[in-house]
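S.K.: this one's sequence-less:
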């Protein structure tokens, strides 16, 4: 959530920045500023009434001590009137504060200066590309055919149990999945990330804290009886560990990693591009989350990008890094880099990671602060990244490592798998 003080003092800057997201925010910004003025005016009036009421209470006490009960009675009548007025003003100020907060929830984060202009994924900027695209043998297949051939993932069984988008991993497929999770976690912990295990359901406050609510409400599975949401990413519970937390500057940075299943409704996703593992309702992901000092967050973002690059280099998968344009960025992000692996059998790029800096956007919602060297409370910066999302990494491995004899396991994963080939 954007800070109201910043909006009030930088209206034109906010409008111009959100225009990079292809949003005409002029009317909303003006409405937000007016609501804030009304709220502050109501609060000033309330404070004056409460101050007058407190003064009268002291005067009444002094009059009673002096035995002037008749004068004290007159002032008591006035305090009754002031009490009613303060109640009305308190309700008005609270209502305006709620209306203001709800309006602020509709405004996305401001893009960083280096975010490119653009409206669609076609406008994203390719900033890095590495790895040779393998030349496959004649008769090479996409992963949804390979998993049938080697009986390692069963999509039909998943449909039977739950529905489309809930695959069942079998045999070497399940072991490869587990190997990837362990490998990713080991890489992250070796890089200094503290592993945590977190709930897979979160309450509404957690969803609002990281910005999934109200923006992504339609994409989240909601357990209505308990009013809990299945997590769409480990980012939500891990970052919410620090909701309403005041850190000391010496505790920064905070680095966490977590493996969780993730659940997304993916409403409206149809067609060949979402076939097989390309788009699922339940999938596994290993996440990295950082809480940073504002002065260090972009250096930390660069470090996270290098960390994911190193993983893909070890897996020997061809990949590229995109700096997302304003029109393709997530609601909460100030700057996002997407990683994509090339699927040779599908002849297309598959997104496998997003690494983002949210600056103070999430921290403002979370009330996540740190006490600086001068003893002042400041909002921290939050960052997160996929390290990595498994389905499309798995698809890339199955397709790019296929041979006539079987699917060769990347060398770095063999100690985790306990086998060298799926045949």
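M.R.: Now that the structure is in, tell me what you want to look at. All figures in this text were calculated on a predicted structure; none of them were measured in a lab. Residues are numbered from 1 along each chain as shown.
S.K.: mind listing what residue 174 touches?
M.R.: residue 152 (CB atoms under 8 Å, 6 or more residues apart in numbering). For glycine as for every other residue, the C-beta is placed from the backbone atoms N, C-alpha and C.
S.K.: check which helix or strand covers it.
M.R.: Per DSSP states H and E: residue 174 is located in helix 172-190.
S.K.: how distant is that helix from the center of its chain?
M.R.: Distance, stretch centre to chain centre, for helix 172-190: 23 Å (CA atoms, centre = their mean, to the nearest Å).
S.K.: quick one: mean pLDDT for the next helix or strand after that helix?
M.R.: Later in the chain than helix 172-190, the nearest helix or strand by DSSP H and E is strand 194-195. Strand 194-195 carries an average pLDDT of 98.
S.K.: by contact count, what packs against strand 194-195?
M.R.: The contact analysis (3 or more CB pairs under 8 Å, 6 or more residues apart in numbering; DSSP states H and E) places strand 194-195 against helix 172-190, strand 254-263.
S.K.: residues contacting the shortest one, please?
M.R.: Outside of strand 254-263, the residues that reach it under the criterion CB under 8 Å, 6+ apart are 181, 184-185, 188-189, 192-198, 200, 220-221, 230-234, 237-238, 241-242, 247, 281-291, 387, 389.
S.K.: now do the contacts for residue 280.
M.R.: Residues in contact with residue 280 (CB under 8 Å, 6+ apart) are 165-167, 264, 266, 391.
S.K.: return the item of the residues you listed having minimum pLDDT.
M.R.: The member of the contacts of residue 280 with the lowest pLDDT is residue 266, at 82.
S.K.: and the lowest-mean-pLDDT helix or strand in the chain, what other elements does it pack with?
M.R.: Lowest on mean pLDDT, DSSP states H and E among the helices and strands of the chain sits helix 69-104, with a mean of 86. Judged by 3+ CB pairs under 8 Å, 6+ apart, the packing partners of helix 69-104 are helix 26-65.
S.K.: low-scoring stretches of this structure, by residue?
M.R.: Of all residues in the chain, those with pLDDT under 70 make up the ranges 267-273.
S.K.: could you flag which of the contacts of residue 280 are buried?
M.R.: Listed as buried from those are 165-167, 264, 391; burial here means 16 or more other CB atoms under 10 Å.
S.K.: export those residues to CSV and tack on distance to residue 27?
M.R.: Below are those laid out as CSV (distance: CB to CB, whole Å):
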residue, distance to residue 27
165, 39
166, 43
167, 45
264, 32
391, 41
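S.K.: pull the most distant pair out of the residues you listed.
M.R.: For the buried ones among the contacts of residue 280, the farthest-apart pair by CB to CB is 167 and 264; their separation is 14.1 Å.
S.K.: domain map for this protein?
M.R.: Here the domain parsing of the chain from the TED database is 4-105, 121-422.
S.K.: winner for burial among the ones you listed?
M.R.: With neighbours taken as mean count of other CB atoms under 10 Å, the domains of the chain reach their highest mean count in domain 121-422, at a mean of 18.
S.K.: for that one, measure first residue to last.
M.R.: 35 Å (CA to CA, to the nearest Å).
S.K.: just how off-centre is it within its chain?
M.R.: With CA atoms, centre = their mean as the basis, domain 121-422 stands 11 Å off its chain's centre.
S.K.: quick one: the residue lying farthest from the centre of the chain from residue 57, how far?
M.R.: Centroid-distance maximum for the chain: residue 67 at 64.9 Å, with CA atoms, centre = their mean. From residue 67 over to residue 57 the distance is 18 Å, taken as CB to CB, to the nearest Å.
S.K.: got it, and residue 99?
M.R.: Distance from residue 99 to residue 57, counting by CB to CB: 32 Å.
S.K.: and the strands in the stretch 251-400 of the chain?
M.R.: Along the stretch 251-400 of the chain, counting by DSSP state E, counting those that start in this stretch, strands occupy 254-263, 282-292, 319-323, 335-343, 348-357, 369-371, 377-379, 381-389.
S.K.: identify whichever of these lies nearest to residue 23.
M.R.: Nearest of the strands of the stretch 251-400 of the chain to residue 23, taken as CB to CB: strand 335-343 at 16.5 Å.
S.K.: what is that closest one packed up against?
M.R.: helix 297-315, strand 319-323, strand 348-357, helix 390-400.
S.K.: what lines up beside it in the sheet?
M.R.: strand 319-323 (antiparallel), strand 348-357 (antiparallel) (DSSP bridges).
S.K.: would you format the ones you listed as CSV with distance to residue 177 included?
M.R.: Converted to CSV, those look like this (distance: least, CB to CB, whole Å):
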stretch, distance to residue 177
strand 319-323, 20
strand 348-357, 14
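S.K.: of all these, which lies closest to residue 147?
M.R.: In terms of CB to CB, the element of the strands paired with strand 335-343 nearest to residue 147 is strand 348-357, at 15.5 Å.
S.K.: contacts for that closest one?
M.R.: So strand 348-357 is contacted by 112, 273, 278, 297-298, 300-301, 304-305, 308, 319-320, 330, 332-343, 381, 383-389, 392-393, 395-396 (CB under 8 Å, 6+ apart).
S.K.: distance of residue 33 from residue 296?
M.R.: According to CB to CB, residue 33 stands 32 Å off from residue 296.
S.K.: with residue 188 instead?
M.R.: To residue 296, residue 188 is 19 Å away according to CB to CB.
S.K.: what of residue 416?
M.R.: Distance, residue 416 to residue 296, using CB to CB: 33 Å.
S.K.: likewise residue 86?
M.R.: From residue 86 over to residue 296 (counting by CB to CB), the distance is 45 Å.
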